[in-house]
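J.: just coords:
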């Protein structure tokens, strides 16, 4: 199952819902991290046993590294994330 982890503190979320969003035009543009867009990872339906259903980053500014298993990237807020496919 896909997982998003903020490198500095290990916070993040996991789930089958993975969406890259254009916040200006409010539309879905893809299903993995992309420069210029936010990444949302979470559940497709509302979580029954959790205080949240998803985690969304600010806009991605840079893809640091990418391989078959994970993508590391930086965001506008200065955070670095690891997305595990």
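T.: Alright, I've got the coordinates. Every value quoted in this text rests on a predicted model; they were computed, and no experiment measured them. Residues are numbered from 1 along each chain as shown.
J.: distance check, the residue most central in space within the chain against residue 54.
T.: Among the residues of the chain, the one closest to the centroid is residue 39, at 3.6 Å (Cα atoms, centre = their mean). From residue 39 over to residue 54 the distance is 10 Å, taken as Cβ to Cβ, to the nearest Å. (Glycine included, C-beta is placed from N, CA and C.)
J.: tell me the contacts of residue 85?
T.: 2, 32, 68, 69, 70, 71 (Cβ atoms under 8 Å, 6 or more residues apart in numbering).
J.: ok so, going back, which SSE is the residue nearest to the centre of the chain in?
T.: Per DSSP states H and E: residue 39 is located in strand 38-42.
J.: what helices or strands is that strand leaning on?
T.: On a contact count with 3 or more Cβ pairs under 8 Å, 6 or more residues apart in numbering; DSSP states H and E, strand 38-42 meets strand 3-6, strand 12-14, strand 17-22, strand 54-56, strand 80-84.
J.: any chance of those strands in TSV, with mean neighbour count, mean pLDDT and distance to residue 62 too?
T.: TSV is the format used below for the helices and strands packed on strand 38-42 (neighbours: other Cβ atoms under 10 Å; pLDDT from 0 to 100; distance: least, Cβ to Cβ, whole Å):
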stretch	mean neighbour count	mean pLDDT	distance to residue 62
strand 3-6	19	98	15
strand 12-14	18	94	18
strand 17-22	18	96	15
strand 54-56	17	93	18
strand 80-84	18	98	9
